[in-house]
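> Any chance you can model this:
(2 chains)
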Amino acid sequence: ETGVTQTPRHLVMGMTNKKSLKCEQHLGHNAMYWYKQSAKKPLELMFVYNFKEQTENNSVPSRFSPECPNSSHLFLHLHTLQPEDSALYLCASSQDGGRSFSYEQYFGPGTRLTVT
Amino acid sequence: GEDVEQSLFLSVREGDSSVINCTYTDSSSTYLYWYKQEPGAGLQLLTYIFSNMDMKQDQRLTVLLNKKDKHLSLRIADTQTGDSAIYFCAEKGGGADGLTFGKGTHLIIQP
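So this is what the prediction gives:
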């Protein structure tokens, strides 16, 4: 596997279910990100992990819970979601070289989530 | 807060040049990016430019940056059907670690 992979690619879940999204990067990067892509809205940054430490949480509801066990893996645990949470969830990774670095982010294919 | 604006649609004829425009508000932006998203796929990084540059060329792609007007453009020469996608402008500000994206421009290629 190369690049950034995400599983599952598609997920349908009820509002009372608990599920997890998985992201894995094979690029040797040390920063990972979760974004939400909804129709007709810009990509929304949800969480940032840098060297496994969460450095940003963009006011995301607690029904989304991230986990970063190591710099190659990132999870998004989902519970009691709402229909408006249906979206494409994208994972990305980058090499963090400090504030002057180019921060090129490489994205996975996304998980298409439908909440019923 | 930071804001990135793009037109939602651009239609061009095959073989013509496409110019996709973007404006941003964060004056502390350090890097600006163009990403491409094809149907059912994630975002693919096309190119990026550092804020102290005003132009960058990479094969068919030319990026122009007017920092004074906070205006970024992506020119695709000799547009082909494979260029049909959504193009996202994004900027990295001096603060947050993540990128701020525009809503994306749908590039439509007419035969």
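
> Could you use CA atoms for every contact and neighbour count after this?
OK.

> show me where chain B has strands.
For chain B, the strands defined by DSSP state E occupy B:4-6, B:9-13, B:18-24, B:31-37, B:43-50, B:55-58, B:61-66, B:71-76, B:85-92, B:100-101, B:105-110.

> same thing with chain A?
Ranges of strands in chain A, per DSSP E, are A:4-7, A:10-13, A:18-25, A:31-37, A:44-50, A:53-57, A:64-70, A:73-79, A:87-94, A:106-107, A:111-115.

> ok, back up a step: out of the strands of chain B, flag the one nearest residue A:11.
Evaluated with Cα to Cα, the strands of chain B place strand B:43-50 nearest to residue A:11, the distance being 19.4 Å.

> what residue ranges in chain A score low on pLDDT?
Within chain A, the stretches with pLDDT under 70 are A:1, A:97-102.

> got the residues of it near chain B?
Counting by Cα under 8 Å from any Cα of the partner chain, the residues of chain A close to chain B are A:33, A:40-45, A:48, A:55-56, A:90, A:99-100, A:102, A:104-110.

> can you pull the buried residues of stretch B:25-43?
For stretch B:25-43, the neighbour count (16 or more other Cα atoms under 10 Å in any protein chain shown) marks B:25-26, B:29-37, B:42-43 as buried.

> returning to what we had before: out of the strands of chain B, the one nearest residue A:22 is which?
Distance to residue A:22, taken as Cα to Cα, is lowest for strand B:43-50 among these, at 17.3 Å.

> Sheet partners, orientation included, of the lowest-mean-pLDDT helix or strand in chain B?
Across the helices and strands of chain B, mean pLDDT, DSSP states H and E gives its lowest value to strand B:100-101, namely a mean of 90. Applying DSSP bridges to the sheet, strand B:100-101 is found paired with strand B:85-92 (antiparallel).

> quick one: the strand it pairs with to strand B:31-37, angle?
Strand B:85-92 and strand B:31-37 are oriented at 160 degrees to each other (axes from the mean of the first three to the mean of the last three Cα atoms, to 10 degrees).

> what's near enough to touch residue 88?
You didn't say which chain, so I picked chain A. A:36, A:37, A:38, A:110, A:111, A:112, A:113 (Cα atoms under 8 Å, 6 or more residues apart in numbering or on different chains).

> Switch to chain B, please.
With Cα under 8 Å, 6+ apart, residue B:88 has these contacts: B:33, B:34, B:35, B:36, B:37, B:101, B:102, B:103, B:104, B:105.

> Narrow the residues of chain A next to chain B to those that are buried.
Buried, going by 16+ other Cα under 10 Å: A:33, A:42-45, A:48, A:56, A:90, A:102, A:104-110, out of the residues of chain A next to chain B.

> and which of those residues is nearest to residue B:8?
Distances from residue B:8 to those, taken by Cα to Cα, are shortest for residue A:42, at 11.1 Å.

> still on that earlier bit, just give me the closest of the contacts of residue A:88 to residue B:18.
Nearest to residue B:18 among the contacts of residue A:88, with distances taken as Cα to Cα, is residue A:37, at 24.8 Å.

> List the contacts of that closest one.
Neighbours of residue A:37 in contact, by Cα under 8 Å, 6+ apart: A:43, A:44, A:87, A:88, A:89, A:90.

> I'd say the fifth one and residue A:108 touch.
I take that to be residue A:89. No - contact criterion Cα atoms under 8 Å: residue A:89 and residue A:108 do not qualify, at 9.4 Å.

> Give me the residue at the spatial middle of chain A.
In chain A, the residue lying closest to the centroid (Cα atoms, centre = their mean) is residue A:34, at 2.6 Å.
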